[in-house]
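> quick one, structure for this:
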Amino acid sequence: MEFIEQVEEDEFENFVKNHPTKSHFLASHLWGEISKTRGYIPFYVGVREKNKLIATALLLKKTLPFGYSYFYIPRGFVMDYQDMECLAFLTENLKSFVKKQKGLYFKIDPDIKLHTIGPDAVKIEGEDNYQLVETLKHLGYLHRPLNLYFESSQPRFTFRIDLKDEMDIIRSRYSKTALRFIKKAQHYHVKTFIGNQENVKDFVRLMKLTEQRQNFFSHDEEFYEKFYQIFSQNENVSVLLAKISLKEVIQILEEDIQKEEAKVEKNPVSLEKKKQELCFFKEEQQKKPSDEVIVSGYFTVHYGDKSWYLYGANDLDYKMTYANYSLFDYQIQISKEKGSLIFDEFGTIGDPKSENHLIGLHEFKKKFGGEYTEFIGEFDYIIRPFLAHLFFKFVPIYRKIVQKKLRKKVKKENI
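Residues are numbered from 1 along each chain as shown. Prediction:
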């Protein structure tokens, strides 16, 4: 076996994209290029045997004071993890590579299911990879504690939808609530479509509304523009949007009110709600320069045999149209049309009985019938124990301070 410190772009990308089991956009050359905008230095390493590439790793280097650094390998190695000889060889060579770069440690979080779990996050009979966890620990990796609420670099839990069936079968697994809300979106003539480079601005506008509402900070417009520019090669990304016509919604509401008033048994609560919504949309029509309003947007990545719902944002002023449900269904349909076999909802919480504020996100994603999935988690390979210990202790404090400043900045910009 031969360790390659710099695999050529085309060879690296072709290997990752076409790997039969571990293809992942976060392990791609494309993601390495995007990561430069976030202050990382990418390295594209690999293992070759008999002049054939058998493993790759995208190393993202983050520089620290005094010339030190740490490395993150998003979603782990692209390889056959059952090849213990290759796994050990790659680990040993990464240790030497990172050490030469004055690295404190390197982190992996493989895209590998830990075990089969039910909707209550309890293990049930089925696939498990506990032996691989023990193998990694035996090789010197430190298995990080279980996290339930997006505390790690990538989500530990997610929902995954099998796209091998026809869409009508896939939709039959949606909850009754999701199907009802999709039907309501159709009632209000919500239109879904694939956007282009110019529509990235529409998505960013929605994202800023979501940030302001939920008091968090994600990325600036430049990041999303760069993301689209890089991943739009070979149509690896879709900006999916949902829009409404204010004129059409007003007409539909007026007709609904007339039907409700004509009933012998009237529902005063429903009628009053419809009238309030009608007033709202008439006021919006007077304020808006255009009849059409984009109210929901998703960034969806298509790579290898999978698609991922990566970023999503909605204008909650129009939540009564349920455009986000219609758009999520459209997102799954587009992913299937792109040839993906799996649709990954890219993260949820690991405690479905929680009262955490993210439970709403969990319940929304759950409605689309995906398999509740837990990955094997994060593993650190420590190179410099003392300095790594200081880093792990003080960096969370530093990040909290930075996040607090960013929230204040966002809040100030929106005043």
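
> spatially central, which residue of the chain would that be?
Centroid check for the chain by CA atoms, centre = their mean gives residue 310 as the closest residue, at 3.1 Å.

> that one and residue 346 touch, don't they?
Yes - using CB atoms under 8 Å, residue 310 makes contact with residue 346 at a distance of 5.7 Å. From N, CA and C alone the C-beta is placed, and that goes for glycine too.

> count of neighbours near residue 267?
Residue 267 is flanked by 11 other residues according to other CB atoms under 10 Å.

> pLDDT wise, what is the nearest residue to it once chain neighbours are set aside at?
In this structure, residue 267 finds its nearest non-sequential neighbour in residue 260, 6.7 Å apart by CB to CB, 6 or more residues apart in numbering. Looking at residue 260, its pLDDT is 87.

> as a check, name the ranges of all helices in the stretch 1-150 of the chain.
9-17, 29-35, 84-100, 130-138 (DSSP state H, counting those that start in this stretch).

> look up how far residue 123 lies from the residue nearest to residue 267.
49 Å (CB to CB, to the nearest Å).

> for these two, indicate the residue with more neighbours.
Neighbour count, other CB under 10 Å: between residue 260 and residue 123, residue 260 has more, with 17 against 13.

> give me the below-cutoff pLDDT ranges for this structure.
Applying pLDDT under 70 to the chain flags the ranges 214-217, 396-415.

> now with 80, please.
120, 210-218, 264, 266, 395-415 (pLDDT under 80).

> kindly report the domain assignment for it.
2-157+374-413, 168-340 (automatic domain parsing).

> coming back round to it: does the closest residue to the residue nearest to the centre of the chain other than its chain neighbours count as helix, strand or coil?
Once flanking residues are discounted, residue 310 sits nearest to residue 299: 4.8 Å by CB to CB, 6+ apart. Residue 299 carries the three-state label strand when classified by DSSP: H, G, I helix; E, B strand; the rest coil.

> wait, residue 299 sits on residue 239?
Yes - the pair residue 299 and residue 239 passes the contact test of CB under 8 Å, sitting 6.2 Å apart.

> shared neighbours, those two?
Common neighbours of residue 299 and residue 239, counting by CB atoms under 8 Å, 6 or more residues apart in numbering, are residue 203.

> tell me where the stretch 201-350 of the chain has helices.
221-231, 246-262, 268-287, 323-337.

> which of those helices is buried the deepest?
Across the helices of the stretch 201-350 of the chain, the average number of neighbours (mean count of other CB atoms under 10 Å) peaks for helix 323-337, which reaches a mean of 22.
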